[in-house]
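1. Using only what follows, build the 3D model:
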Amino acid sequence: MGKLKTYQEQLQEIVEKGINAAEEQQKKLAAKPFEYAEKLESGAREYSVENLRNRYNGYSDGLFDQLRSLNSRFSSFAADLVAKLEKEAAEGADSVSEAADDVSEAAQDAKKSVETKKPAARKTTAKKKAAEKNATASA
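-> All right, here's what the predicted structure looks like:
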């Protein structure tokens, strides 16, 4: 079950890297219009492009923080799931071991039972053969 934990951690790292890469690309793409708007800002002072950029970046940062939080909750869920699977696997292994012990005991008992009955069976067979000889000799 240690492999499941490793896979879970690798998956979490992949998701984290994906979020970081998406955030970086989004910021690069979003920066272009703001750069042009800042150049135009000198001519049109009605809106502060810097304030727009800061507000936009704040929303963007909030979004990626929420994605990271979701990834963290997913990680906790996956860790709980892995722990439950490991526990169930251990319990299943114990049950199989107990069943194997029971079968082994039953086999030993059956073997002892068969071994104690063999001599009696041989005597009966010997008596039958002797009776058959006597019957053919008298005929």
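
2. Now do the same contact list for L81.
-> By CB atoms under 8 Å, 6 or more residues apart in numbering, the contact list for L81 is empty. Heads up, the C-betas are built off the backbone N, CA and C, glycines and all.

3. Locate it within the secondary structure: which element?
-> helix 49-138 (DSSP states H and E).

4. Can you give the distance of that helix from its chain's centre?
-> Put simply, helix 49-138 sits 16 Å off its chain's centre (CA atoms, centre = their mean, to the nearest Å).

5. Next one, pLDDT for Y36 please.
-> Turning to Y36, the model gives it a pLDDT of 80.

6. okay, now it: neighbour count?
-> Here the number of neighbours of Y36 (other CB atoms under 10 Å) works out to 11.

7. Same question for N71.
-> N71: 17 surrounding residues under other CB under 10 Å.

8. tally of neighbours for the residue lying closest to it once chain neighbours are set aside?
-> Excluding the flanking residues, the one nearest N71 by CB to CB, 6 or more residues apart in numbering is V15, at 5.0 Å. Residues within reach of V15, counting by other CB under 10 Å, total 16.

9. V15: which element?
-> Per DSSP H and E, V15 falls inside helix 2-41.

10. That helix packs against which elements?
-> Packing partners of helix 2-41 (3 or more CB pairs under 8 Å, 6 or more residues apart in numbering; DSSP states H and E): helix 49-138.

11. ok so, going back, buried set for the helix holding V15?
-> For helix 2-41, burial by neighbour count (16 or more other CB atoms under 10 Å) applies to 4, 8, 12, 15, 19, 23, 34, 41.

12. Out of the residues you listed, the closest to A100 would be?
-> A100 has its nearest neighbour among these in L4, at 25.2 Å by CB to CB.

13. what about the closest residue to the closest one other than its chain neighbours, neighbour count?
-> With sequence-adjacent residues excluded and distances taken as CB to CB, 6+ apart, L4 is closest to V82, at 4.7 Å. For V82, the neighbour count with other CB under 10 Å is 19.

14. Was I right to think V82 contacts K5?
-> Yes - using CB atoms under 8 Å as the test, V82 is close enough to K5 to be in contact (5.4 Å).

15. Please work out how many residues are found near L67.
-> As a burial measure, L67 scores 17 neighbours (other CB under 10 Å).
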